[in-house]
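Asker: give me the fold of what follows.
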Amino acid sequence: MRKPFLHVHFIDSLKMGILGLFDMLRKETGTAIKQTTISNYAGATVGIDISSFMYKWIYLVGDDPEALEKNALDFIVFFLQNEIIPICVFDGSKIPPGKAATLLARKKRREAVQIKISAAQTQLETLEAKLVKLKAHVDVPVASDTEVKAVGDQPGPPIGEQPRPTIGEQPVSVPPVEQPVGEKPIEVSKPIEKVEELITQKHLLQADLKKYNTQVIKVLPRHIEPIMAKFKEYGIPMIVAEYEADFVLNKLAKENMVGYLVADDGDLLVDMPPHVKLLRQVNKHRFGTVEIDEYDKATILLELGIEQDQFRELCILLGCDYCDRIPGYGIVRNLKLIRSYTTIEVILDQEKRMKKNTPKDYMDFVKTSRKYFQTGLGEDDLEPLKSQLKNFKIGEVYSRITSK
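Answerer: Next comes the predicted model:
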């Protein structure tokens, strides 16, 4: 039996990141974000937070290991065929101690969503039973939900005559209903309209269920480990972090091993060096639905009018995985405060009402956040990865993957 690489922890689809960061950047910066295409990065080396894409792939293909593996390899091929060297980073087995409160809050949110899922499933079952019963009593050729035609625009019957449902120009007979004893009679005066109404309700419930299910997706070791095995087999550069992928990716950026970071959340922007850029929407871009959003850190700082240390403080104030946002203080207000007072300590000293709203241990969370963003956590050794890169040839790896 193949020995697993490491026990990787599950990834939560309720991942928070920096609250409102991208909304703020879209409003407050003009040229810091540009839309571009993958072909513009030929010759580049990129660091990819693979774990952050896993729940998107499960949403796309379901809990199917073979389909997940194929999707992950297709993602890598997308970079290779554009002459880009991908460095894939996976979350590790250890959870940062400062994240305990966040994980507990997410657990409670997942439980609340599970209750909604159960309620919606019960409603859907009840509604489908009603549909079956109604269709059985209505002599209409309803082959499927999508084939029922609207009759609201059909002319009504002459005054004094009983309405008769129609499809097109053909009258539809409504046979008498034999109602079981004790059950409420079924209303069949407008049976087609009733069927359509129930079908609409069914589609709305299905949409709700789809939305709820995306909020409780978990990515487990059984999803990730086969993908890591394939990456190793094909010679795709990869590393499993001791803690979180973010810490390793920022280390790669600071050691000039990559020119771009690929992820959809904002955590990587916090302490990303100015010469490195963040690429978002790459997974959607490969399907041709959107362009890539490129975030230029140097321009972000310039247009916000703040320094790197202030930007880190701002991201902590906005609310992150390690520290909650202070109630009553949103994006605009926090940006104004950080421009005026530079650090959170000075802000709390000047803003008495804000200080009043903070818990006693708030600064402990702030200090933990600073540490994680600045230096990360763990002793991740990059030397094995450097060896992988020395032997890496885009064409060879591309051929290995696509020939099977």
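
Asker: quick one: the helices in the stretch 101-250 of the chain, in order.
Answerer: Secondary structure of the stretch 101-250 of the chain (DSSP state H, counting those that start in this stretch): helices at 191-214, 221-234, 245-254.

Asker: and the second one, what does it pack onto?
Answerer: This points to helix 221-234. Applying 3 or more Cβ pairs under 8 Å, 6 or more residues apart in numbering; DSSP states H and E, one finds that helix 221-234 contacts helix 50-61, helix 65-80, strand 85-90, strand 238-240, helix 394-402. For the C-beta atoms, the positions are set from N, CA and C on the backbone; glycine is no exception.

Asker: Asp264 is nearest to which of the helices of the stretch 101-250 of the chain?
Answerer: helix 245-254 (12.4 Å; Cβ to Cβ).

Asker: next secondary structure element downstream of that closest one?
Answerer: Once the chain leaves helix 245-254, the next helix or strand it forms, by DSSP states H and E, is strand 260-262.

Asker: for that following strand, name the packing helices and strands.
Answerer: Applying 3+ Cβ pairs under 8 Å, 6+ apart, we find strand 260-262 packed against strand 45-49, helix 245-254, strand 277-280.

Asker: wait, which of the ones you listed is closest to Leu21?
Answerer: strand 277-280 (10.9 Å).

Asker: can you show me the strands along the stretch 1-150 of the chain?
Answerer: Assigned by DSSP state E, counting those that start in this stretch, the stretch 1-150 of the chain shows strands spanning 11-12, 33-36, 45-49, 85-90.

Asker: still on that earlier bit, pick out the shakiest of the helices of the stretch 101-250 of the chain, pLDDT-wise.
Answerer: Lowest mean pLDDT within the helices of the stretch 101-250 of the chain: helix 191-214, a mean of 80.

Asker: now do that helix: distance to the chain's middle.
Answerer: Distance of helix 191-214 from its chain centroid, counting by Cα atoms, centre = their mean, to the nearest Å, is 24 Å.

Asker: now stretch 317-334
Answerer: That offset, for stretch 317-334, works out to 21 Å (Cα atoms, centre = their mean).

Asker: now that stretch: buried residues?
Answerer: By neighbour count on 16 or more other Cβ atoms under 10 Å, the buried set for stretch 317-334 is 317-326, 329, 331, 334.

Asker: same check on stretch 37-52?
Answerer: Going by neighbour count (16+ other Cβ under 10 Å), the buried part of stretch 37-52 is Ile38, Tyr41, Ala44, Thr45, Val46, Gly47, Ile48, Asp49, Ile50, Ser51, Ser52.

Asker: hang on, the earlier thing: how about the helices of the stretch 101-250 of the chain in CSV, adding mean neighbour count?
Answerer: Listed next are the helices of the stretch 101-250 of the chain as CSV, based on neighbours: other Cβ atoms under 10 Å:
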stretch, mean neighbour count
helix 191-214, 16
helix 221-234, 18
helix 245-254, 24
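
Asker: quick one: the ones you listed as CSV, columns for distance to Thr402 too.
Answerer: CSV is the format used below for the helices of the stretch 101-250 of the chain (distance: least, Cβ to Cβ, whole Å):
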stretch, distance to Thr402
helix 191-214, 31
helix 221-234, 10
helix 245-254, 26
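
Asker: just to revisit the earlier point, for Leu204, which of the helices and strands packed on strand 260-262 is the nearest?
Answerer: Closest among the helices and strands packed on strand 260-262, using Cβ to Cβ: strand 277-280, at 30.6 Å.

Asker: all helices for the stretch 251-400 of the chain, in order.
Answerer: 267-270, 282-285, 297-304, 308-318, 331-341, 344-350, 352-356, 362-375, 383-390, 394-402.

Asker: from the ones you listed, which stretch is densest packed?
Answerer: Of all the helices of the stretch 251-400 of the chain, helix 267-270 carries the top mean neighbour count, a mean of 26, counting by mean count of other Cβ atoms under 10 Å.

Asker: for Lys70, which non-adjacent residue is spatially closest?
Answerer: Nearest residue to Lys70, sequence neighbours excluded (Cβ to Cβ, 6 or more residues apart in numbering): Val61, at 8.0 Å.

Asker: quick one: that neighbour and Asp74 touch, right?
Answerer: No: using Cβ atoms under 8 Å, Val61 makes no contact with Asp74, being 10.5 Å away.
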